[in-house]
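Next input, structure requested:
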Amino acid sequence: MNHFGLLVAILATALLGGCASQTATVATPRASVETPYRLGSGDRLRVIVFGQDNLSNSFSVDGAGDISMPLIGRVRAQGLATAELEHTIEARLRQGFLREPSVSVEVEAYRPFFVLGEVTVAGQYPFIMGMTVQKAIAVAGGFTPRAVEGSVDITRVVDGHPVTFPAPLSFPVRPGDAITVEERFF
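Okay, here's the model as predicted:
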């Protein structure tokens with residue numbers, strides 16, 4: 001009886017451990033939809049330094065994740081929210097250039113998203129706020145006759161790592177997402 005109880009406990013732990021990891025994987029992408037937008041390579045930003053027209057301009061986040069501004073040079077933008085980037089730029093300008101800088105950062109153009117697989121015109125498309133999987137597929141010309149139309153796979157970078165998960169057509173798309181429409185077998 002003692003061995004039987006130990007066996008049941010081990011099996012229950014293994015089963016619950018499998019459930020826990022599956023839940024965490026599904027919850028991560030959904031949580032990333034509700035978090036503030038994080039800047040990345042390909043985003044174009046409008047940086048306004050109030051009272052300093054020569055410092056205000058549009059800047060693109062380069063492949064390394066930086067923007068290059070007059071006076072302060074390269075500033076890390078990758079992974080930051082716009083409010084965090086504002087504070088970073090203010091702090092750098094305060095270091096010997098301006099007394100009390102006031103900075104505003106807004107996204108002028110988001111990095112593109114990608115639609116792959118069984119759509120009429122697979123490719124890269126400009127992101128628009130409020131985009132869902134269904135709208136993204138419509139932008140790509142719709143499903144081909146051989147497409148699986150119920151759900152898609154989305155590959156999204158979460159905490160610096162690509163994560164692929166199934167998503168319904170009503171799921172929100174984020175800049176940089178790769179949406180894959182699978183081919184049906186019959």
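
Could you use CA atoms for every contact and neighbour count after this?
OK.

For this protein, give me the ranges with low pLDDT.
Scanning the chain for pLDDT under 70 picks out the ranges 1-34.

got the residue ranges for the helices in it?
2-34, 82-94, 133-139 (DSSP state H).

The second one - contacts with which helices or strands?
So that's helix 82-94. Where contact means 3 or more Cα pairs under 8 Å, 6 or more residues apart in numbering; DSSP states H and E, helix 82-94 is packed against strand 103-109.

For the strand it packs on, give me every contacting residue.
43-50, 82-83, 85-87, 89-90, 127 (Cα atoms under 8 Å, 6 or more residues apart in numbering).

Please tell me how far that strand is from the chain's geometric centre.
How far strand 103-109 lies from its chain's middle: 17 Å, per Cα atoms, centre = their mean, to the nearest Å.

Show the buried residues in the contacts of strand 103-109.
Among the contacts of strand 103-109, those classed as buried by 16 or more other Cα atoms under 10 Å are 43-49, 82, 85-87, 89-90, 127.

got a list of what the closest residue to residue 62 other than its chain neighbours touches?
Nearest residue to residue 62 in three dimensions, chain neighbours excluded: residue 41, at 5.3 Å (Cα to Cα, 6 or more residues apart in numbering). Counting by Cα under 8 Å, 6+ apart, residue 41 touches 60-66, 78, 111.

and what of residue 55?
Applying Cα under 8 Å, 6+ apart, the residues contacting residue 55 are 48-49, 69-70.

No further questions, thank you.
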